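Novice: this one's sequence-less:
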């Protein structure tokens, strides 16, 4: 009686292990860093929360005479960014933060999330010149 494992079974098992291992690695690699690195933003940075389909606050006063530093904190469950005609934060993963500079500005500037469908769903904010 031959007790050897058939080759097709060995291959299928190896393939299943490879798929399961790859899936596990992908989950670990995509796990969010739940603590944004606030040390990279200056103390006077304006904090803007990016959540699922909204910015908080949705109106931000920006200096009319000097650049303003923004700390963008993604508290949502998916990637977001902040884009204007002159600024692009790049994609920010859930649980992460990014620091950008905007301004000075002399008139209102609209910002939005460029992830498909987010702007259409209302993920916009307005930067207004500080008085």
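Specialist: Received, thanks. Everything numeric in this text was worked out from a predicted model, so none of it was measured.

Novice: got the residue ranges for the strands in the chain?
Specialist: In the chain, strands defined by DSSP state E lie at 46-51, 54-56, 59-62, 68-74, 97-102, 109-112, 124-129, listed in chain order.

Novice: want to throw the ones you listed into JSON lines with mean pLDDT?
Specialist: Formatted as JSON lines, those follow (pLDDT from 0 to 100):
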{"stretch": "strand 46-51", "mean pLDDT": "97"}
{"stretch": "strand 54-56", "mean pLDDT": "98"}
{"stretch": "strand 59-62", "mean pLDDT": "97"}
{"stretch": "strand 68-74", "mean pLDDT": "97"}
{"stretch": "strand 97-102", "mean pLDDT": "96"}
{"stretch": "strand 109-112", "mean pLDDT": "98"}
{"stretch": "strand 124-129", "mean pLDDT": "98"}
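
Novice: give me the low-pLDDT residue ranges for the protein?
Specialist: Judged by pLDDT under 70, the chain has its weakly predicted residues at 1-40.

Novice: what ranges do the helices span in it?
Specialist: Listed from the start of the chain, the chain has helices (DSSP state H) covering 7-30.

Novice: thinking again about what came up before, right, so of the strands of the chain, which gets closest to residue 85?
Specialist: strand 109-112 (7.3 Å; CB to CB). Heads up, the C-betas are built off the backbone N, CA and C, glycines and all.

Novice: return the list of helices and strands in contact with the closest one.
Specialist: Contacts defined by 3 or more CB pairs under 8 Å, 6 or more residues apart in numbering; DSSP states H and E place strand 109-112 against strand 124-129.

Novice: hang on, the earlier thing: dump the strands of the chain into a markdown table; add mean neighbour count and distance to residue 90 as well.
Specialist: As requested, the strands of the chain are arranged in a markdown table below (neighbours: other CB atoms under 10 Å; distance: least, CB to CB, whole Å):
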| stretch | mean neighbour count | distance to residue 90 |
| --- | --- | --- |
| strand 46-51 | 18 | 12 |
| strand 54-56 | 17 | 16 |
| strand 59-62 | 16 | 19 |
| strand 68-74 | 21 | 10 |
| strand 97-102 | 19 | 7 |
| strand 109-112 | 18 | 14 |
| strand 124-129 | 17 | 17 |
